[in-house]
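S.K.: Predicted model and sequence follow; I will ask about them next.
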Amino acid sequence: MGSATVAGAQSRFSGYGFQAQEDSRRGNDSRRQQAERYEQQRNAERAQQRRNDRLSPDERRTLRQQIDEAGRDIYAPRRR
């Protein structure tokens, strides 16, 4: 009778152990998927920010002209 009680107790609790492991795995999978989605969103935001930080062709042309003018002011042409 003592062994029947132990066997009954084991059968009742063995299912809970497996269920808890599956729940834990599902929780980890859910967290992993959430982390992946967050990372993808951050990468998309970073890519968008890089695109927004680029200069237009007119802005690049103006910047080159300003750099060239500043260079002429700093480094005057050599006299021969």
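M.R.: Perfect, I can see it now. Numbers count the residues shown, from 1 in each chain.
S.K.: in stretch 55-68, what counts as buried?
M.R.: Judged by neighbour count using 16 or more other C-beta atoms under 10 Å, stretch 55-68 contains no buried positions. C-betas here are computed from N, CA, C, even on glycine.
S.K.: Alpha carbons only: can I get it in PDB?
M.R.: Extracted as PDB, the C-alpha positions of stretch 55-68 are listed here (Å, rounded to 0.1, in the frame of the first residue of the first chain):
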ATOM      1  CA  LEU A  55      23.400  65.500 -47.300                       C
ATOM      2  CA  SER A  56      21.600  66.200 -50.500                       C
ATOM      3  CA  PRO A  57      23.700  66.800 -53.700                       C
ATOM      4  CA  ASP A  58      23.200  70.600 -53.300                       C
ATOM      5  CA  GLU A  59      24.200  70.500 -49.700                       C
ATOM      6  CA  ARG A  60      27.400  68.500 -50.600                       C
ATOM      7  CA  ARG A  61      28.300  71.000 -53.300                       C
ATOM      8  CA  THR A  62      27.800  73.900 -51.000                       C
ATOM      9  CA  LEU A  63      29.900  72.200 -48.300                       C
ATOM     10  CA  ARG A  64      32.700  71.500 -50.800                       C
ATOM     11  CA  GLN A  65      32.700  75.200 -51.900                       C
ATOM     12  CA  GLN A  66      32.900  76.400 -48.200                       C
ATOM     13  CA  ILE A  67      35.800  74.000 -47.500                       C
ATOM     14  CA  ASP A  68      37.600  75.200 -50.600                       C
END
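S.K.: Helices of the chain, start to end?
M.R.: In chain order, the chain shows helices spanning 2-53, 57-74, with DSSP state H as the criterion.
S.K.: Least reliable of those helices by average pLDDT, please.
M.R.: Comparing mean pLDDT over those, the weakest stretch is helix 2-53, at a mean of 72.
S.K.: R78 and A47, how far apart?
M.R.: Distance of R78 to A47, given as C-beta to C-beta, to the nearest Å: 46 Å.
S.K.: more crowded one of these two?
M.R.: Set side by side, R78 and A47 show unequal neighbour counts under other C-beta atoms under 10 Å, the larger going to A47 at 10 against 5.
S.K.: What's the separation between that one and R54?
M.R.: From A47 to R54 the distance is 12 Å (C-beta to C-beta).
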